[in-house]
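Student: Test case, fold it:
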Amino acid sequence: MKLPIAIPFLPMEAKLVAKMPTGEEWQYEPKWDGFRCLAFNSGEEIELQSKAGQPLTRYFPEIVEALDALTAKQFVLDGELIVPVEGRLSFDALLQRIHPAASRVARLSKETPARFILFDFLVDADGESLLSQPLAERRGKLEKFAAKYLRKSKTIELSTATRDIAVAKHWLSGLRGQLDGVVCKQVHEPYRSGERAMLKVKNLRSADCVVGGFRYASAKKVVGSLLLGLYDREGRLNHVGFTSSIPLAERDKLTKKLEKLVEPPGFTGAAPGGPSRWSTERSAEWQPLRPSLVVEVQYDHFTGARFRHGTKLLRWRPDKDPKQCTLKQVAFESSIALTELIES
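Tutor: You can find the predicted model right below:
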């Protein structure tokens, strides 16, 4: 059986905006904090594909098994792979799944099983392409698909959606680090493969951090990035990430200031790691600093005891005592249960 769309197939993506659009033409959905995934069932085999078009099938055998158990024998689904741990999403547990050892993948699939949360329908159970149909029709057909085929599944579930912006704002204010934000889609739009045809709003936050060290830029001996630290309950300064958004005009002067503060150990808890496959020997080197400088940074997510991505430098905080820069700042609790965001 041949599907009307072929692998690799690039999913529709979203561009970041500052606030949610309003109007009757908009549908709002939770932005799940996981791996984007397209699931293909040709009737002969199940294949999972990442956002970048890479195969994910071998890393999530429990998802393949659950999809294969559905009585629908052909379809293409768009959704997100997530791993809940003790009621909260764990991106670190999800990252552990991308591992070359089949034995480890098999073990983790049982210890921390993933779930596949659906939010779009590309090919239906009759083998018909839905790409040209508006979102409103695709969503309606996805809901019928879920009602018919997913009733007994605890692994594959339907993500909630709303046209009520008040509900979407409630999600955004109540997520508190649990999810990644809200996705906004126009209900009359077809599925635009590979295009940023959706909008996303993130719950960006800020934290005051100690500058525990710095790295030189690779091309010139000026500061390239600041290494950020937060104190734990035991009073240890732990490396939690970096910021490299330092204005070019300020780097020479800042480098001289930092070099006067070089003093081991810099971090007394978790320290920056060594070279990786993405870094050169020089970029992995870092200079420890006396813990006296504080910066405020903006970030979108904190998980696994560090900022997920590089942060944005907002301002220096000479008024802030470094000891006030604790991990409590990034300890958020969600007021919304995951079960509220999944339609059973």
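Student: Which stretches in the stretch 51-200 of the chain count as strands?
Tutor: Taking DSSP state E, counting those that start in this stretch as the test, the strands found in the stretch 51-200 of the chain are 75-82, 84-85, 88-89, 115-123, 156-159, 182-186, 196-201.
Student: Could you pull out the helices in the chain for me?
Tutor: 61-69, 91-95, 102-111, 135-149, 165-175, 248-259, 281-284 (DSSP state H).
Student: could you say what helices and strands the fifth one packs with?
Tutor: With contacts defined as 3 or more CB pairs under 8 Å, 6 or more residues apart in numbering; DSSP states H and E, the packing partners of helix 165-175 are strand 26-30, strand 182-186. Quick note: C-beta positions are derived from backbone N, CA and C, even for glycine.
Student: May I see the buried residues of it?
Tutor: Buried residues in helix 165-175, defined by neighbour count with 16 or more other CB atoms under 10 Å: 165, 168, 171-172, 174-175.
Student: For Val223, which of the helices of the chain is the nearest?
Tutor: Of all those, helix 248-259 sits nearest to Val223, with 4.7 Å by CB to CB.
Student: returning to that earlier point: nearest to His99, out of the strands of the stretch 51-200 of the chain?
Tutor: That would be strand 75-82 among those, by CB to CB, at 14.6 Å.
Student: Restricting the selection to alpha carbons, write that closest one to PDB.
Tutor: Provided in PDB are the C-alpha atoms of strand 75-82 (Å, rounded to 0.1, in the frame of the first residue of the first chain):
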ATOM      1  CA  PHE A  75      -2.500   7.100   8.100                       C
ATOM      2  CA  VAL A  76      -0.100   9.900   8.500                       C
ATOM      3  CA  LEU A  77      -0.300  11.700  11.900                       C
ATOM      4  CA  ASP A  78       1.500  14.900  13.100                       C
ATOM      5  CA  GLY A  79       2.200  15.300  16.800                       C
ATOM      6  CA  GLU A  80       4.700  15.500  19.600                       C
ATOM      7  CA  LEU A  81       6.600  12.700  21.400                       C
ATOM      8  CA  ILE A  82       6.700  13.500  25.200                       C
END
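Student: I'd like to know which of the helices of the chain has the weakest mean confidence.
Tutor: Among these, helix 281-284 carries the lowest mean pLDDT, at a mean of 50.
Student: now the stretch 201-344 of the chain, which segments are flagged as low pLDDT?
Tutor: Applying pLDDT under 70 to the stretch 201-344 of the chain flags residues 274-284, 333, 344.
Student: Give me the distance between the longest strand seen in the chain and the centre of its chain.
Tutor: Determined from DSSP state E, the single longest strand within the chain is strand 205-216. How far strand 205-216 lies from its chain's middle: 21 Å, per CA atoms, centre = their mean, to the nearest Å.
Student: for stretch 79-89, same thing?
Tutor: 11 Å.
Student: and Lys221, what is it in contact with?
Tutor: Each residue near Lys221 by CB atoms under 8 Å, 6 or more residues apart in numbering is listed here: Thr255.
Student: on that earlier part again, so which of the strands of the stretch 51-200 of the chain comes closest to Ala331?
Tutor: The closest of the strands of the stretch 51-200 of the chain to Ala331 is strand 88-89. By CB to CB, the value is 12.0 Å.
Student: How about residues contacting the closest one?
Tutor: Identification of contacts with strand 88-89 by CB under 8 Å, 6+ apart yields 32-34, 82-83, 178-179, 334, 338.
Student: Dump stretch 207-220 to CSV, restricted to CA.
Tutor: C-alpha atoms of stretch 207-220 as CSV (Å, rounded to 0.1, in the frame of the first residue of the first chain):
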residue,chain,number,x,y,z
ALA,A,207,16.5,35.1,36.2
ASP,A,208,19.4,36.8,38.0
CYS,A,209,22.6,34.7,37.6
VAL,A,210,26.2,34.9,38.9
VAL,A,211,28.8,35.1,36.2
GLY,A,212,31.0,32.2,37.3
GLY,A,213,33.3,32.2,34.3
PHE,A,214,33.7,33.2,30.6
ARG,A,215,34.9,31.8,27.3
TYR,A,216,37.0,33.7,24.8
ALA,A,217,35.6,34.1,21.3
SER,A,218,37.2,31.7,18.7
ALA,A,219,38.4,34.4,16.3
LYS,A,220,39.7,37.0,18.7
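Student: Could you list the buried residues of that stretch?
Tutor: 207-217.
Student: No further queries at this time; thank you.
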